[in-house]
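Peer 1: please work out how this folds:
(chains A and B)
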Amino acid sequence: SQKIEQNSEALNIQEGKTATLTCNYTNYSPAYLQWYRQDPGRGPVFLLLIRENEKEKRKERLKVTFDTTLKQSLFHITASQPADSATYLCAFYSGGGADGLTFGKGTHLIIQP
Amino acid sequence: GAGVSQTPSNKVTEKGKYVELRCDPISGHTALYWYRQSLGQGPEFLIYFQGTGAADDSGLPNDRFFAVRPEGSVSTLKIQRTERGDSAVYLCASSSGVSGTSGGGQFFGPGTRLTVL
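Peer 2: Alright, predicted model coming up:
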C-alpha cells in the first residue's frame, strides 16, 4: 500500500528565511497531492493542490513542487513569519474508487523571531 | 459563511458504551468524509459519502463503526461497544468535488475528541 513519509521531527527556522518541508512516498504516483496546515486543537486547513502533470504551484508566499521521478513533493514558505508556525500535512489522492485522502504524519514547523 | 461544524467537541464515555458523533458540512457540499486522528499522527480516512450513499467505507476499522447521511447533508458516525483504542479526534470534512479535485481541497471541522475510559 502507499506509504507517505514526512519528517516528524520539528523544523526550526529563523524568521525571514525560507522553510522547506519534504514529503516522500513509495509505490505509485498519486493523481494529485494536497498540503494542509493544522494548528493545535483545530482541523486541517487546505493550502495547495498540485496534480501529477504539474511540476510547481504557487500561492502568495507558498510554493509546492512535485517530482514523480524522485517520488517527492517539497513545500516552501518564503519570508517565513512566526505566524507560520504550525504542523503541515501532505495528503495524497490516488484516484479511482478509493476517494479518501491518505495523509502523512505531518511536520511541525517553528519559526523563531 | 459557516464552515463545517461538529458536535460534541468533546465526548467522554466508558468502555462498552455506544456513541454518536455529528457533522454538519458546508451547505451545498455533496462530498463528506470522516477521518480519525491519533496524537502525533495524520488523519486516517474512515468513510466517504457522495450525497446520501457511502461511496467508500474501506477505512472503517471494523463493524462496530457505522456512519449515515440520510438526507445528503448532516452525517452521524456511530460507534458501538466502544474500546479504549477508539480514543482519538474524529474529524469530518466536506468538499464540492471528488476529494477536492475542483482545486479547493477538503474543508475540515474542528473535530470531536473522543475519550474512552
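
Peer 1: middle-most residue in chain B, spatially?
Peer 2: B:Trp34 (2.9 Å; C-alpha atoms, centre = their mean).

Peer 1: so which residues on chain B come close to chain A?
Peer 2: B:4, B:31, B:33, B:35, B:40-48, B:50, B:55-56, B:58-59, B:91, B:93, B:98-101, B:103-111 (C-beta under 8 Å from any C-beta of the partner chain). Every residue, glycine included, has its C-beta placed from N, CA and C.

Peer 1: buried only: go through those for me.
Peer 2: Neighbour-count burial (16 or more other C-beta atoms under 10 Å in any protein chain shown) applied to those gives B:4, B:31, B:33, B:35, B:42-48, B:55-56, B:59, B:91, B:93, B:99-101, B:105-111.

Peer 1: which ones among the residues of chain B next to chain A are found in strands?
Peer 2: If you go by DSSP state E, the residues of chain B next to chain A have B:31, B:33, B:35, B:44-48, B:50, B:55-56, B:91, B:93, B:107-108 in strands.

Peer 1: quick one: low-confidence parts of chain B?
Peer 2: B:1, B:98-103 (pLDDT under 70).

Peer 1: show me the helices in it, by range?
Peer 2: Under the criterion DSSP state H, chain B contains no helices.

Peer 1: name the nearest residue to residue 71, ignoring sequence neighbours.
Peer 2: This is for chain A. The spatially closest residue to A:Lys71, leaving aside those adjacent along the chain, is A:Tyr25, at 5.2 Å (C-beta to C-beta, 6 or more residues apart in numbering or on different chains).

Peer 1: oops, wrong one, chain B.
Peer 2: B:Thr52 (6.8 Å).

Peer 1: ok, that neighbour to B:Thr7 distance?
Peer 2: 21 Å (C-beta to C-beta, to the nearest Å).

Peer 1: do A:Thr18 as well
Peer 2: For A:Thr18, the distance to B:Thr7 - C-beta to C-beta - is 40 Å.

Peer 1: ditto for A:Tyr32
Peer 2: 32 Å.

Peer 1: what about these two, which has more around it?
Peer 2: Neighbours per residue (other C-beta atoms under 10 Å in any protein chain shown) separate A:Tyr32 from B:Thr7, with A:Tyr32 holding more: 21 against 13.

Peer 1: can you tell me the closest non-neighbouring residue to that one?
Peer 2: A:Arg51 (4.4 Å).
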